[in-house]
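>>> coords please:
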Amino acid sequence: MKAKPEIRRILDLAYRDYHSHFYREKDPVSLVHRFSDPKDQECAAFLAALLSYGNVATILSSVSNVLSRLEGSPHKTLLHAKNFSFHGFRHRFTTGEDIEIVCHWIQSALRTHGSLESFFLDKNSRQSPMHDLLSSFVERFTSLSLPSHLRETSRRRTRNLKYLISDPRRGSACKRLNMFLRWMVRLPDGIDLGLWKGLGTEQLMLPVDTHVLKTLQGLRWTRSQQATWKVVEKATERLRVYFPADPIRYDFALCHLSMTGKTIRIYEKVE
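Next comes the predicted model:
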């Protein structure tokens, strides 16, 4: 597969126009940047990413709601709290019970490994396909112990929790987990934070949702009407042709281009 100059030009123009602080403030990652401690940023980013589905205004409201209940320091609260209260919270399919369960899972990961990064990684992380790393993380994370009063709740909410924390083995595009990894792994550029050192940017996969899928269709990189892991793999492979060391550098720009209601074809005749 060879790079096409016209496609590179389109990608670079989108990056120029949309990879900016202005669009960051319209993105859930803006709420992560409000914390200065990397430990808080990691925890806030994970919760923010999981809730990043649906209308952007609702996402920002819901993420702000959750983070406000963690008493100023997501890391300290998640690490030390005996209980979590998200009574009355709801974000589309996700309830306060779901967030309470996720917070207990985060707490277990922090207590056993010190950070979500350490929990995510293993000795072969640099060589393993992201499909396998994500699947392993999801399996281990969602198997962590829960307080007795949440065990029946977790069984009752299994379907919703599987949607919230998706697994590529089920064909999911895993948009939110891939976006979380982008925030954590890509070097700090005013949008992404570059907190994790155990993965390389070349390993990252494109976070594909309905917005990015439309752009991929506009580029004629897929005919699929659904965001699936297969679409993620094919799109990321295409992007590696243009930027092998950092294939998803264009993700934020492509997503926000589509969110404005515009298509990638606006650049076809730009000089």
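>>> center of the protein - which residue?
Met179 (2.5 Å; CA atoms, centre = their mean).
>>> now do the buried residues in the helix or strand containing Lys230.
Assessed by DSSP states H and E, Lys230 sits inside helix 229-242. Residues of helix 229-242 classed as buried by neighbour count (16 or more other CB atoms under 10 Å): 229, 231-236, 238-240, 242. Backbone N, C-alpha and C define where each C-beta goes, glycine included.
>>> what do you get for stretch 79-97?
Buried residues in stretch 79-97, counted by 16+ other CB under 10 Å: 84, 86, 89, 91, 94-97.
>>> what's the answer for stretch 65-80, then?
Under 16+ other CB under 10 Å, the buried positions of stretch 65-80 are 65-67, 69-70, 73-75, 77-78.
>>> and of those residues, the nearest to Leu216?
Using CB to CB, Val66 comes nearest to Leu216 of the buried residues of stretch 65-80, at 30.3 Å.
>>> before we move on, what SS does that closest one have?
helix (DSSP: H, G, I helix; E, B strand; the rest coil).
>>> hang on, the earlier thing: taking the buried residues of stretch 79-97, tell me the two that lie furthest apart.
Every pair of the buried residues of stretch 79-97 checked by CB to CB; the farthest is Phe84 and His91, at 15.5 Å.
>>> okay if I get the buried residues of helix 229-242 as JSON lines plus distance to Ile7 and pLDDT?
Shown next, in JSON lines, are these (distance: CB to CB, whole Å; pLDDT from 0 to 100):
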{"residue": "Trp229", "distance to Ile7": "23", "pLDDT": "98"}
{"residue": "Val231", "distance to Ile7": "17", "pLDDT": "97"}
{"residue": "Val232", "distance to Ile7": "18", "pLDDT": "98"}
{"residue": "Glu233", "distance to Ile7": "18", "pLDDT": "97"}
{"residue": "Lys234", "distance to Ile7": "15", "pLDDT": "97"}
{"residue": "Ala235", "distance to Ile7": "12", "pLDDT": "97"}
{"residue": "Thr236", "distance to Ile7": "15", "pLDDT": "98"}
{"residue": "Arg238", "distance to Ile7": "8", "pLDDT": "96"}
{"residue": "Leu239", "distance to Ile7": "10", "pLDDT": "97"}
{"residue": "Arg240", "distance to Ile7": "13", "pLDDT": "96"}
{"residue": "Tyr242", "distance to Ile7": "7", "pLDDT": "95"}
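>>> and the residue nearest to Arg186 when sequence neighbours are not counted, what element?
Closest residue in space to Arg186, ignoring its immediate chain neighbours: Asp192 at 3.8 Å, by CB to CB, 6 or more residues apart in numbering. Following DSSP H and E, there is no helix or strand that holds Asp192.
>>> what about the strands in the chain?
90-91, 94-95 (DSSP state E).
>>> dump these into JSON lines; add distance to Asn124 and mean pLDDT as well.
As requested, those are arranged in JSON lines below (distance: least, CB to CB, whole Å; pLDDT from 0 to 100):
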{"stretch": "strand 90-91", "distance to Asn124": "35", "mean pLDDT": "97"}
{"stretch": "strand 94-95", "distance to Asn124": "32", "mean pLDDT": "98"}
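>>> would you convert these into TSV that also reports distance to Phe141?
Shown next, in TSV, are these (distance: least, CB to CB, whole Å):
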stretch	distance to Phe141
strand 90-91	19
strand 94-95	16
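>>> mind checking which of the ones you listed is nearest Asp17?
strand 90-91 (29.8 Å).
>>> which neighbouring elements make contact with the closest one?
Contacts defined by 3 or more CB pairs under 8 Å, 6 or more residues apart in numbering; DSSP states H and E place strand 90-91 against helix 56-68.
>>> run through who's touching the helix it packs on.
Helix 56-68 is contacted from outside by 26-28, 30-31, 44, 47-48, 51-53, 74, 86, 89, 91-92, 94, 99, 259, using CB atoms under 8 Å, 6 or more residues apart in numbering.
>>> follow-up on the earlier one: closest to Arg9 out of the strands of the chain?
Closest among these, using CB to CB: strand 90-91, at 38.4 Å.
>>> list the strands paired with the closest one, with their directions.
Strands that pair with strand 90-91, judged by DSSP bridges, come out as strand 94-95 (antiparallel).
>>> many thanks, I have nothing further to ask.
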